[in-house]
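Novice: Below are the sequence and a predicted model for it; my questions follow.
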Amino acid sequence: MDFKLSDEQRMLEETVGRLVRDTYTFEVRNKSLESEQGFSADVWQQFAELGLLGVPFSEEAGGFNGGGAELMVVAEGFGRGLVVEPYLATVVLCGTLVDKLGSDQQKEALVPAIIGGETRLSLALYEPNGRYEHNRVTTSAKKDGEGYVLNGEKAVVINGDSADQLVVIARTSGAEDDRAGLSAFLVDGNAAGVSRRGYPTIDGLRAAEVVLKDVKVGADALLGAEGQAIDALEDSLALGLVALCAEASGAMEVACDQTLEYIKERQQFGVPIGKFQALQHRMVEMRMELEKVRSITMLAACSLNESRELRDKRLAAAKAQVGKSGRRVAEEAIQLFGGMGMMEETPISHYAKRIVMIDHHLGDSEYHYGRLESLLDVE
Ligand SMILES: Cc1cc2nc3c(=O)[nH]c(=O)nc-3n(C[C@H](O)[C@H](O)[C@H](O)COP(=O)(O)OP(=O)(O)OC[C@H]3O[C@@H](n4cnc5c(N)ncnc54)[C@H](O)[C@@H]3O)c2cc1C
């Protein structure tokens, strides 16, 4: 397997790296978090100008025509900078779903607006009792003349409070856990019957609880064929998992670097604490966890075009490992920083929170161990 980045991928990596290093400082990031929507509209526009919002879209649509590797490069860079802008929600999860399922008309209306930074979307998928199962959907979409009426509740809709449009996964037929019968609908965030309760998550990002009560949409809101959204949804979730694993990898790298720097500086008993072998061993263990995450993320990113079965096994293995290794690195970093690691003013506390929260997004390690177990058919 060739692990070298192509010239274009390297350019993309440099673009994101420069942006994060030069302009996306810890202070800028924290200021964005304080705003009502939890991110900076100016930074989002900057992403658009740099072409970052077009990464997974075709060149004809004005995109970069990127796959798993390109997404990994971008997300890793975002992880290093603890980027809070709604890239995962808008571009990775919803953008690719619209691109895959939408009619020509729907795509023409939305894809250039996503790439240009004018429209932000959010995926309303999981439900309060869903336990990370993406096909456990009770939100209903009932035929009503030419259109549909949607009813249901969606939980922890990331960036759902500020999204212009929601991509709502609803059931047009079948029982609660059926894979068949799921449909995707475009719903205006301010449509009558949509209520959104936004809140900050542990890592400072924004999410919303969304209630849909008799929300009427036209036939043109349906993305793709009725009841057949599952395969495209799983393709977008697969990209989302790669992005999250790569983001964790970037954030873990910085956590390791900052911890190493700190233990070389922090003086106790007249020497830097990094002189103590016990701490050196712990630092090495952290680096090894990082290497595991890097390798398994690379494998997952390269598996997106494999058979669904192989892809899903590798993704489940990657997300499970990222959850486990990420937690280890986050907890060790906090321990090695001692009291300083608990402070809001110390960046490491924010890296630790993001790394731990990534585990809870799109399925935690326990869920993905279980998923891998069932895919491997282990009794
Ligand atoms: C929320 C909070 C509440 C607190 N409340 C109190 C309180 O009420 N009273 C109080 O006195 N203190 C309190 N503290 C301070 C706390 O006791 C210290 O933070 C803690 O003892 C770690 O000290 P330090 O931050 O100076 O870390 P450091 O001394 O810098 O150590 C950093 C890390 O290196 C490890 N380490 C250092 N030297 C060695 C070595 N030789 N071998 C192996 N490992 C080593 C430490 O175990 C730690 O993991 C509190 C801290 C927090 C975060």
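Specialist: Looks like it came in fine.

Novice: Up against the ligand, what does the stretch 201-350 of the chain have?
Specialist: Neighbours of the ligand within the stretch 201-350 of the chain, by CB under 6 Å from any ligand atom: 266, 268, 273, 276, 278, 279, 335, 336, 338, 339, 340, 342. For glycine as for every other residue, the C-beta is placed from the backbone atoms N, C-alpha and C.

Novice: if we go to 8 Å?
Specialist: Applying CB under 8 Å from any ligand atom, we find that the stretch 201-350 of the chain lies next to the ligand at 263, 266, 268-269, 273, 276, 278-279, 335-343.

Novice: Give me the subset of the residues you listed that lies in helices.
Specialist: 263, 278, 279, 335, 336, 337 (DSSP state H).

Novice: mind giving me JSON lines with the residues you listed and columns for neighbour count, distance to residue 182 and pLDDT?
Specialist: JSON lines is the format used below for those (neighbours: other CB atoms under 10 Å; distance: CB to CB, whole Å; pLDDT from 0 to 100):
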{"residue": "263", "neighbour count": "21", "distance to residue 182": "50", "pLDDT": "98"}
{"residue": "278", "neighbour count": "7", "distance to residue 182": "52", "pLDDT": "97"}
{"residue": "279", "neighbour count": "19", "distance to residue 182": "50", "pLDDT": "97"}
{"residue": "335", "neighbour count": "12", "distance to residue 182": "43", "pLDDT": "97"}
{"residue": "336", "neighbour count": "22", "distance to residue 182": "45", "pLDDT": "98"}
{"residue": "337", "neighbour count": "21", "distance to residue 182": "45", "pLDDT": "98"}
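
Novice: Mind picking the two most distant members of those residues?
Specialist: The span of these, defined through CB to CB, is set by 278 and 337 at 15.3 Å.

Novice: now the helices for the stretch 101-250 of the chain?
Specialist: With helices called from DSSP state H, counting those that start in this stretch, the stretch 101-250 of the chain shows them at 104-115, 230-265.

Novice: Quick check: residue 238 touching residue 313?
Specialist: No - using CB atoms under 8 Å, residue 238 makes no contact with residue 313, being 11.5 Å away.

Novice: more crowded one of the two?
Specialist: With neighbours defined as other CB atoms under 10 Å, residue 238 and residue 313 compare such that residue 238 has more, 22 against 18.

Novice: How much space separates that one from the ligand?
Specialist: 38 Å (CB to the nearest ligand atom, to the nearest Å).

Novice: For the residue in the stretch 201-350 of the chain that the ligand sits nearest to, list the residues it contacts.
Specialist: The nearest approach of the stretch 201-350 of the chain to the ligand comes at residue 338, 2.1 Å away (CB to the nearest ligand atom). By CB atoms under 8 Å, 6 or more residues apart in numbering, the contact set of residue 338 is residue 266.

Novice: Let's see the pLDDT reported for it.
Specialist: What the model reports as pLDDT for residue 338 is 97.

Novice: where does this protein dip in pLDDT?
Specialist: Across the chain, residues meeting the criterion (pLDDT under 70) sit at 1, 379.

Novice: Just to check, residue 285 is in contact with residue 333?
Specialist: No - Residue 285 is beyond contact range of residue 333, at 11.5 Å (criterion: CB under 8 Å).

Novice: Looking at the two, which is more packed in?
Specialist: When residue 285 and residue 333 are compared for neighbours, residue 333 comes out ahead with 26 against 13, by other CB under 10 Å.

Novice: and the more buried one, how far is that from residue 77?
Specialist: 20 Å (CB to CB, to the nearest Å).

Novice: In the stretch 251-379 of the chain, mark out all the strands, start to finish.
Specialist: 267-268, 271-272 (DSSP state E, counting those that start in this stretch).

Novice: Tell me which of these sits most buried.
Specialist: strand 271-272 (a mean of 12; mean count of other CB atoms under 10 Å).

Novice: how far is it from where the chain is centred?
Specialist: Centroid displacement of strand 271-272 relative to its chain, using CA atoms, centre = their mean, to the nearest Å, is 39 Å.

Novice: do stretch 143-153 as well
Specialist: Remark: stretch 143-153 is offset 29 Å from the chain centroid, using CA atoms, centre = their mean.

Novice: Name the residues of it that are buried.
Specialist: For stretch 143-153, burial by neighbour count (16 or more other CB atoms under 10 Å) applies to 147, 148, 149, 150, 151, 152, 153.

Novice: can you name the two of those residues that are farthest apart?
Specialist: Farthest pair in these, by CB to CB: 147 and 153, 20.8 Å.

Novice: I'd like to know how far the nearest residue to residue 50 once chain neighbours are set aside sits from residue 33.
Specialist: The spatially closest residue to residue 50, leaving aside those adjacent along the chain, is residue 15, at 5.5 Å (CB to CB, 6 or more residues apart in numbering). Look at residue 15 and residue 33: by CB to CB, they are 23 Å apart.
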